[in-house]
Structure formats: structure tokens, C-alpha cells
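Chemist: Mind folding the following:
(chains A and B)
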2 protein chains.
Amino acid sequence: MGSDLAPRSEVEGAVLAAREHGVEVLLVGREELIRKELAQHDISGLPVRVVHASEVVTMKDAGARAFRRKRDSSIRVGAQLVRDGKADGLISAGNTGAVGVAVKLLWGGLEGVDRPALAGIFPTSDGRPSVMLDIGASVDSKPQHLEQFAVMGEIFYRVILGGEKPRVGLLSNGTEDVKGNELTREAHQLLKALDINFVGNVEGRDLYNGRVDVIVCDGFIGNVALKISEGLVETFGTLLKEALSSDLSSIVGSVLVRRALKLFKKRLDYSEYGGVPMLGVRGGCIICHGSSNGIAIKNAIRLAGDFSDRRVNEKIEAELAGVHAPEPKSEAGGEPRPWAGK
Amino acid sequence: MGSDLAPRSEVEGAVLAAREHGVEVLLVGREELIRKELAQHDISGLPVRVVHASEVVTMKDAGARAFRRKRDSSIRVGAQLVRDGKADGLISAGNTGAVGVAVKLLWGGLEGVDRPALAGIFPTSDGRPSVMLDIGASVDSKPQHLEQFAVMGEIFYRVILGGEKPRVGLLSNGTEDVKGNELTREAHQLLKALDINFVGNVEGRDLYNGRVDVIVCDGFIGNVALKISEGLVETFGTLLKEALSSDLSSIVGSVLVRRALKLFKKRLDYSEYGGVPMLGVRGGCIICHGSSNGIAIKNAIRLAGDFSDRRVNEKIEAELAGVHAPEPKSEAGGEPRPWAGK
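Modeler: Predicted structure coming up:
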């Protein structure tokens, strides 16, 4: 019930995912509205079902309050289905804060993870996506949170987006090791000790140039980075049109530019992957943009399916269990060594 | 001696500023190189002089070390001219860190300012520029530093860029008052108490949409914001060309787009204003992009002239003196009231 066109985009995406990928989809929300949309599609034989939830969380609802007050909301009922083992993942284009509260409280966190992180997927000029996390699940991160983000982001990239040894960078205000603020200078040491392909500090420009696959940062900064990007693309479009309108070939030009801009915006809106995963919680949770269309929702459903099938969460827990575990005693015996990386 | 083409851009900019704006310019650096460039121009009657400095700070030099070791560098000699009252401002397209160290140590800070801030000037879709500070002079800001940035940015905008009551916003991860991290939540209260047009929290997207004139943030975040923007514009150009190359009208389109991109990049490179001021130090200091051409340098010289003529620093000190000053005793006498805003 969350997208701007809800439940149209959700229903269309569910039908497409069921048809193209054979995914079984539970559509959670107001049954009569969903059935009305479903009537627009031929769903004979498709594994699409409706689970009624009477309440809807709006964008104006505060997350925690919505969780307490709207006990029969589609977000809460959907999260309960996952908790109870009746679904493998949750997809929502609604209120991100409310989804975050619901999955944190109903599912809990993974072993070894103190805080969840939203992993944004960005287009780069070399064609492969880059992943930045956290883009806004929490703020005021501590160094060990960034360490956990690095482990989660590396596994997500490797297992879901593909690639042998994803390059992981730490977002800073310069590439030299000594650059950064208190948080990143401490986190830098922790990331260096991890068994990942840590390429060191990276700069804001590296989000889009393909120099790195995974960028680790605090959620406040990640959120600013995402919104700066969205804002810049919009403004860029306006300025481009202005620049072109003073030109003889303005009509041809602006048609071309409008088309290219639309394409780029879509890529920024993650419609290629449909949404961004919330990593670190005990279940697969994909957050979609409010403006998602059916294709974006379909892709998000596929992403949630891959997330579950490829056991991303099990891999994260296994990896984090090794990060700060005491090293095994040597054959010769002796004292256990101090914890690695701390 | 700092720009990529030094001293070509600097000399060209100096000649243009002297010719068009009647500004007296001291060109500081290796005399024989500067004279060679000057020979390319007709400078008869123009107030352009050369001040020899034998050493050059490179981009690889660490700021503090360069200051200590290269005592006859153009940056240090230039900063000394201002300190000694022989110049009204310093313009450099060289190593920003080295300039920062030199002006901080040789000039000192303004009364009431704990830390300097670089004020980036950005294009917006409504035509007026926006100013973001700090874009990288320091990191790990405290709330009172953001308060000082707000006062300095507001005055700079009003006095130099023009406008009655510039709208000042605090960069956060959401517009609601309760959004933010520890730093911004505390700073929000301080900014609310200032005698400025504080519009509350703003988001990354507001840097480019004209909703706000001055955006206050920590230098780490401002630096990331700037570099994300530069990176996105580059990548956007690549992707636009790709999108257009699959099109029949690709040749027309890509010429147009290349021209528009160039225009936009220039605006991001602040060539309209030539450079960004370092606010809070006891003198006018304009930092230019390494890729600056003569026009950008000319504009930076004009900006430094305006900065001095319009007494920006005196206004900042006067304003800050009032911020935390004890309020005057009431006529009826009684105890002085506690400091405002703290």
C-alpha cells in the first residue's frame, strides 16, 4: 500500500514477478483495493495471493508511532508474515522509517550486527553498479558499526550483484590514510584488519566513477550523498534545457536530453534493482522508491528472492562471527591470543 | 604558482582584473616565469607588479610541512604581504591545505571565530547561487562552530552575492526539526536563536534547487557533497553520451550535450565567482580550482576586492560580538542575564 500509485505498482510488479520469475507473491493490504487492481491482469495459474491488512501507514506517520498504533497495517502484517516463516522477504515502497521500526522490532538484528544499514545501489560510468551503505538507516555511527557495514556490504555485493573480490572503500574527505574525521580514522584501522579487499579511503567522486564497488559511510552522510545526487540530477536537467534553449537545434536537443535524463533518473531511483536492501535484520527487506512503477517492484521482488535463496544473512552472520572471534590455540598450546581487530 | 597551467592563468587573470576592474595586482612567485608570461600581454599603464618568491608548494606537499620548510614559497610570501598590510587579499589556485595553514598561522582568526570555513558557491535551478559552508576547511565540528559558520555565511551572502535576508538552512537527513545527528540537533537550537533568517533543516537536494541561500554543515560532509557533485556531473556526461549514441541524431545531440555539460561544469568549478572564500581568517582569502583559467582568476581577484572593500570581516566580527554577549541590564537594574544562545 506504499507506492505513490498504490496498489497499482505493487500489483503489477507482483504479477510480473510471478509470471517472469515464478516467484510466489503475497500482496498485503486492503483486500478490495488489491482485488480491483488484480482484475486488470490475467493471473490464472499465477502464484499471487492476497493477505488482508486493514490499515495503511502514510508518509506522515512517525515510524515508532505507526508501529504501535496501526497494528493491522500492511507493513506490520507483512513483517509478521516473514517473522512467522510464511514469507521469505518483505518489499515496501512506503514509509521507510515505519518499515525500519517494524522489521527491527519484529525480526531483530543478525548476530554480530548492532545496527541495520540501507545499501543504496548507484550507477557508475563503467557500467557496474556501486553500493553505498548506510544511506540513512541510522546516524551517529561508531567505528564498529562501519566495520559491520563493510562486512555486510561486501557480502551483498559479492553474492547478489556478483564479482569475485569487490573493492571496499571508506568514504572520506581525501584518499590519504590520514584524511578523515575521528570516526573514519578509527574505522580505517578496523577495515584494514578485515578479510576483504579494502582499498582504503575514497572520495565522494568515487561513488560514480567505478573506482570502488562498496562505499562505507555513516547514515547521515549517505543520506546527504543520495539526496545531493537526486537534487543535482534535477537541477542539471533544468540547466541543460536552458543551455539548449538558446540554441538553434533546441527542439531536437531537448527531446534527446529529456530522454537521457529520464534514463539516468531511473537508474538513480534504483529501478534496475527495484529497491535497496536493509542489511543486518533477520530477514530480507527491500525498500523501494515511492515513485516505483511495476517494473521496479518486479525487480525488487526478484532481489528479495535472490537475497533469500543465496542466504545472504547466513553468510553475514558467519563472516561476522569470525571477525572478532578469538584465534584458535596453536598446537603448542599456550595462552589464547587477544581478540583480533579490536 | 598554483594552477595547473601556472603561471599562465594567474598572469592572464591579473592582467584582465587590472584592465577591467582597475584592481592593483601583485603577482607572487618565480619572477622569470611570471615575466615571461607577462610578455605575452600589453600591460603598459596597468597596475600589475611582480613580487619574487623562489619556492613553489606542490599538490603533494603537506600543508604544515610546506609552511615550515618552504619559507620563501609564493603562498607564504603572498600571505605575508596581506599580514603586513601590503595587500588586501590573497588568491591561490594551489594547494588548499597549504594556503589554509599559511593564513591561519600568519593572519590568525577573527574575533569570535574558532575555525575557518570554506564557503562553496553552487549553481541552482532558479538562477541564484547557493552557498554551502564548510566544504572542507576542517572536520569534527562542534555545534558552536556551525553557529559561527551560519553567521559568516549569512554575511558573506548578503554583502557579496546580494539579497536582503538570505535564507539559512542546516544540512540534515530530513527537514523535520527532530531529524539529524547529535551535532545538527544541538546546532539547530543555536541557529534558531540567531538573528538571521533561519529556515530550519534542509536536505541534500536543497543545495541545487534554490529553496535556500546558505547551507551550514560540517567540513567533512561539505567536502563529500562537493565531490559527489563533481563526480556525478562527470558520470552523467558519460551516461548521456551513451544514451545518445544509440540514437539517430547522436552527432547533433552529443555536440549539444557536450557544450551544456561544459557550461555546467564551469559553474560547478565556481568560475563565475572565480573561487571560494575562506571565511573566519583575518584577511580575504580566495581559493581557486587548480583548473582555473584566466577568467576564473580575474573573477577571484574581483571577489577578493569586493571582500575587502565591503568589509566582510569587520561585519562578521561585529555580528559575532553580539551573538553571545551578555544582554544589557534592564533599566530597573538587577542581575545580568545569562549569555544568550548557550
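
Chemist: can you pull out the strands in the stretch 51-200 of chain A?
Modeler: Counting by DSSP state E, counting those that start in this stretch, one finds strands in the stretch 51-200 of chain A at the ranges A:89-92, A:117-122, A:130-133, A:167-171, A:197-202.

Chemist: looking at these, which is closest to chain B?
Modeler: Nearest to chain B, of all the strands of the stretch 51-200 of chain A, is strand A:167-171, at 6.3 Å by CB to the nearest CB. Just so you know, the C-beta spots here come from the backbone N, C-alpha and C atoms, and that holds for glycine as well.

Chemist: Provide the angle between the direction of that closest one and the direction of strand A:197-202.
Modeler: Here the directions of strand A:167-171 and strand A:197-202 differ by 30 degrees (axes from the mean of the first three to the mean of the last three CA atoms, to 10 degrees).

Chemist: and the longest helix for chain A?
Modeler: In chain A, ranked by residue count with DSSP state H as the criterion, the top helix is helix A:219-245.

Chemist: if you average pLDDT over that one, what comes out?
Modeler: In this model, helix A:219-245 carries a mean pLDDT of 81.

Chemist: between that helix and strand A:117-122, how big is the angle?
Modeler: Using the same axes, to 10 degrees: helix A:219-245 against strand A:117-122 is 20 degrees.

Chemist: For chain B, tell me whether helix A:219-245 is touching it.
Modeler: Yes - applying CB under 8 Å from any CB of the partner chain, one finds helix A:219-245 touching chain B at A:219-221, A:223-236, A:238-240, A:243-244.

Chemist: same thing with stretch A:172-189?
Modeler: Yes - Stretch A:172-189 lies within reach of chain B by CB under 8 Å from any CB, at A:Ser172, A:Asn173, A:Gly174, A:Gly180, A:Asn181, A:Glu182, A:Thr184.

Chemist: so where's chain A uncertain?
Modeler: Applying pLDDT under 70 to chain A flags the ranges A:239-261, A:263-271, A:325-342.

Chemist: Could you pull up the contacting residues of the residue nearest to the spatial centre of it?
Modeler: Centroid check for chain A by CA atoms, centre = their mean gives A:Val276 as the closest residue, at 2.2 Å. Counting by CB atoms under 8 Å, 6 or more residues apart in numbering or on different chains, A:Val276 touches A:Leu118, A:Ala119, A:Gly120, A:Ile121, A:Ile135, A:Tyr270, A:Ile286, A:Ile287.

Chemist: Not counting its neighbours along the chain, what's nearest the second one?
Modeler: It refers to A:Ala119. Distances taken as CB to CB, 6 or more residues apart in numbering or on different chains place A:Leu133 nearest to A:Ala119, at 4.1 Å, with adjacent residues excluded.

Chemist: Tell me what that neighbour is bridged to.
Modeler: A:Ala119, A:Val216 (DSSP bridges).

Chemist: any idea which helix or strand comes after the host helix or strand of A:Glu20?
Modeler: Using DSSP states H and E, A:Glu20 sits in helix A:8-21. Using DSSP H and E, the helix or strand that directly follows helix A:8-21 along the chain is strand A:25-29.

Chemist: what's that next one in contact with?
Modeler: So strand A:25-29 is contacted by A:1, A:6-7, A:10-11, A:14, A:17-18, A:34, A:38, A:47-53, A:56, A:74, A:77-78, A:81, A:86-87, A:301 (CB under 8 Å, 6+ apart).

Chemist: Mind doing that once more with 7 Å?
Modeler: A:1, A:7, A:10-11, A:14, A:17-18, A:34, A:47-51, A:53, A:74, A:77-78, A:81, A:87, A:301 (CB atoms under 7 Å, 6 or more residues apart in numbering or on different chains).

Chemist: of those, buried ones?
Modeler: For the contacts of strand A:25-29, a burial check counting by 16 or more other CB atoms under 10 Å in any protein chain shown picks out A:1, A:7, A:10-11, A:14, A:17-18, A:34, A:48, A:50-51, A:53, A:74, A:77-78, A:81, A:87, A:301.

Chemist: which stretches of the stretch 51-200 of chain A form helices?
Modeler: Assigned by DSSP state H, counting those that start in this stretch, the helices in the stretch 51-200 of chain A fall at A:63-69, A:74-83, A:96-107, A:143-156, A:182-192.
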